[in-house]
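Peer 1: dropping a prediction and its sequence here:
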Amino acid sequence: MDATVTILVDNNKAEDGLCTEHGLSFWIEILGRRILFDTGQGPSLEPNAQALGVDLSKTDILVLSHGHYDHTGGIASVIRSAPDLHVYCHPGVVQARYAIRDGKAKSIGIPQAAKEALEGVPSDHLHWVEKPTMLTDVVGLTGPVPRLTDYEDTGGPFFLDPEGERPDLIEDDLALWIRTKTGTVVCLGCAHAGPVNTLDHIVGLTGDPHLRAVIGGFHLMDAGRERVDQTILAMRRLAPDSLLPCHCTGRSPTTLLQDPLGDQVTPGKSGMVFRF
């Protein structure tokens, strides 16, 4: 069995001719199934897919890791291209949400066009993920991730209202995992539940302690040094063969991960293709 993961959208690019944006999207091919994991903000998705030889009209499954604009902005165009696809996400992806910085609230939830596109998906093709869910015999979704560590948080000043009275715990956050003969491959959106919480949860779900690769956003860009250090200790314990931090991990935290973990860590960029 071969599994291929292509980074379609990221903040950085691996080669000329690709677009970048603050967003994330992966194209996953396994056992004849084609899975799109998140859609970025939207503008970079289609041109990057075309440049990388990915036909979005062949999408079988669309997975949404959570309901932020930088992961859901391309939903409408994907559904137009592949109207028969199945969508998997937590029901919380459609709620309004905000980031508040310096007293100013910014809407960061799913765009209206994307929300309307989801509402148009036939009920038998729209799957609300509120517990661990298998997409195929070897591909699973975590469902909501238990928050067990005392040093991980959502990673930002997130709220469900513009007044900042209702903290957003981002309970819709989920990750995707793939069982391979060489260990488990994990795809993270932003890991708002905490990358360590997420990986420990996946190890518990799969029963396999061997992590072949962890690809995606660790959301450490606003993290303090203590949290980063605790994350490094946890990664030593979990011992993934490869860490490929993308998107919201942040340059400084990525460097801090590279210093002690060395060749285990390779920053992810749009255009990179991984075969397992």
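Peer 2: Alright, I've got the coordinates.
Peer 1: from Met221, how far off is the residue of the chain most remote from its centre?
Peer 2: The centre of the chain is farthest from one residue, Gly103, which by CA atoms, centre = their mean lies 28.0 Å away. Distance of Gly103 to Met221, computed by CB to CB, to the nearest Å: 21 Å. The way it works is simple: take the backbone N, C-alpha and C, and place the C-beta from them, glycine included.
Peer 1: hmm, Val87 is touching Trp128, no?
Peer 2: No - Val87 sits out of contact with Trp128 when judged by CB atoms under 8 Å, with a separation of 9.4 Å.
Peer 1: between the two, which one's more packed in?
Peer 2: Taking other CB atoms under 10 Å, Val87 and Trp128 do not tie; Val87 has more neighbours (23 against 14).
Peer 1: let's verify the more buried one: helix, strand, or coil?
Peer 2: Taken by DSSP: H, G, I helix; E, B strand; the rest coil, the conformation at Val87 corresponds to strand.
Peer 1: how much space between it and Cys187?
Peer 2: In this view, Val87 and Cys187 are 16 Å apart by CB to CB.
Peer 1: Phe26 now?
Peer 2: Phe26 is 6 Å from Cys187, by CB to CB.
Peer 1: which neighbours do the two share?
Peer 2: Taking CB atoms under 8 Å, 6 or more residues apart in numbering as the contact criterion, the residues that touch both Phe26 and Cys187 are 5, 37, 215-216.
Peer 1: all strands for the stretch 51-200 of the chain, in order.
Peer 2: In the stretch 51-200 of the chain, the strands defined using DSSP state E, counting those that start in this stretch lie at 61-63, 86-89, 98-101, 104-107, 126-128, 133-134, 139-141, 158-159, 176-180, 183-188.
Peer 1: in JSON lines: these, plus mean pLDDT and distance to Ile232.
Peer 2: Converted to JSON lines, those look like this (pLDDT from 0 to 100; distance: least, CB to CB, whole Å):
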{"stretch": "strand 61-63", "mean pLDDT": "98", "distance to Ile232": "28"}
{"stretch": "strand 86-89", "mean pLDDT": "98", "distance to Ile232": "31"}
{"stretch": "strand 98-101", "mean pLDDT": "97", "distance to Ile232": "26"}
{"stretch": "strand 104-107", "mean pLDDT": "97", "distance to Ile232": "31"}
{"stretch": "strand 126-128", "mean pLDDT": "98", "distance to Ile232": "35"}
{"stretch": "strand 133-134", "mean pLDDT": "98", "distance to Ile232": "31"}
{"stretch": "strand 139-141", "mean pLDDT": "98", "distance to Ile232": "27"}
{"stretch": "strand 158-159", "mean pLDDT": "98", "distance to Ile232": "24"}
{"stretch": "strand 176-180", "mean pLDDT": "97", "distance to Ile232": "22"}
{"stretch": "strand 183-188", "mean pLDDT": "98", "distance to Ile232": "16"}
